[in-house]
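A.B. asks: Give the three-dimensional model of this entry:
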Amino acid sequence: MKFYFLGRGGVLGDVHSDVVASAFGYFSQASAAALWDSAKETLAPREAGAIYMECCAAIGRTLLAEVADLEAYNEAAAAVIAATNRAGLALFSGIAAEPLAEDAPGRALQLTAVLRELRGSAHLNALLATGIVPEHAHCQKRPEMAGAFGWDPAPDTSALTPEMLEAAEGLTNEMLVPSFRVLSADQAAALKAGAVAIGAACSQ
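C.D. replies: Take a look at the predicted model:
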């Protein structure tokens with residue numbers, strides 16, 4: 001868990017734990033501080049961020065070696081990332097700035113991690129714009145994980161309605177339209193097919 005925290009957040013640099021809590025969105029500040037500050041005693045954040053990406057590549061080489069057409073997936077994913085306005089998307093911007101592996105399987109899982117942070121960063125902004133406290137949305141969706149994210153007792157999420165959460169999801173999608181609009185029909189098909197194949201390979 002410490003490596004997850006330091007590796008994922010390490011692309012932000014040696015920042016205060018409040019910055020990482022802000023970028024991650026769902027952890028309590030106290031939990032973020034405990035994980036981030038103790039992990040920094042073992043490894044520098046920027047070094048951990050680089051190793052995190054190297055781990056993504058290594059896992060990609062192990063799990064995705066037999067997945068077809070990864071080059072087309074990588075091309076489409078890179079196009080989406082390049083087309084994104086990075087304002088207000090700190091964690092996405094940090095991981096998107098990291099160097100990528102040259103081989104297709106390693107690069108594919110790295111790009112998948114970058115796309116994950118793209119939607120995640122956009123969704124945090126969409127939650128706030130919709131009037132939803134991010135940790136409330138997370139604890140309602142995954143109540144069994146509240147303690148692991150530092151919320152004990154879990155916050156009261158009874159005011160959240162399905163309509164509010166649906167609105168936040170819809171706004172997230174709208175925010176990402178400019179990023180994905182750059183894809184041709186063939187690229188969009190390659191991105192979808194690659195994502196499905198990668199998901200299946202990682203689930204085995």
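
A.B. asks: Go ahead and flag the most central residue of the chain.
C.D. replies: Glu117 (2.6 Å; Cα atoms, centre = their mean).

A.B. asks: What is the neighbour count of the residue nearest to it when sequence neighbours are not counted?
C.D. replies: Closest residue to Glu117 apart from its sequence neighbours, by Cβ to Cβ, 6 or more residues apart in numbering: Phe92 at 4.3 Å. Quick note: C-beta positions are derived from backbone N, CA and C, even for glycine. Neighbourhood size, Phe92 [other Cβ atoms under 10 Å]: 23.

A.B. asks: helix or strand for Phe92, which one?
C.D. replies: helix 90-96 (DSSP states H and E).

A.B. asks: who does that helix touch, helix- and strand-wise?
C.D. replies: helix 2-9, helix 17-24, helix 45-63, helix 104-129 (3 or more Cβ pairs under 8 Å, 6 or more residues apart in numbering; DSSP states H and E).

A.B. asks: Export those as TSV, with columns for distance to Ser179 and mean pLDDT.
C.D. replies: Converted to TSV, the helices and strands packed on helix 90-96 look like this (distance: least, Cβ to Cβ, whole Å; pLDDT from 0 to 100):
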stretch	distance to Ser179	mean pLDDT
helix 2-9	21	96
helix 17-24	19	97
helix 45-63	20	98
helix 104-129	7	98
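
A.B. asks: angle of the helix-or-strand element of the chain with minimal mean pLDDT against helix 17-24?
C.D. replies: Least confident element among the helices and strands of the chain, by mean pLDDT, DSSP states H and E: helix 134-141 (a mean of 92). Taking axes from the mean of the first three to the mean of the last three Cα atoms, to 10 degrees, one finds helix 134-141 and helix 17-24 inclined to each other by 50 degrees.

A.B. asks: quick one, helix 134-141 and helix 104-129 angle?
C.D. replies: Going by the same axes, to 10 degrees, helix 134-141 makes 110 degrees with helix 104-129.

A.B. asks: Ok, which of the helices and strands packed on helix 90-96 comes nearest Ala167?
C.D. replies: Proximity to Ala167, assessed across these by Cβ to Cβ, is greatest for helix 104-129 (8.5 Å).

A.B. asks: In the closest one, which residues are buried?
C.D. replies: Neighbour-count burial for helix 104-129 flags 104-115, 117-127 (criterion: 16 or more other Cβ atoms under 10 Å).

A.B. asks: Does Arg158 fall in a helix, a strand, or a coil region?
C.D. replies: Quick fix: residue 158 is Ser, not Arg. coil (DSSP: H, G, I helix; E, B strand; the rest coil).

A.B. asks: what's the spacing between it and Leu165?
C.D. replies: Relative to Leu165, Ser158 is positioned 13 Å away (Cβ to Cβ, to the nearest Å).

A.B. asks: Could you check which of those two is surrounded by more residues?
C.D. replies: Taking other Cβ under 10 Å, Ser158 and Leu165 do not tie; Leu165 has more neighbours (17 against 8).
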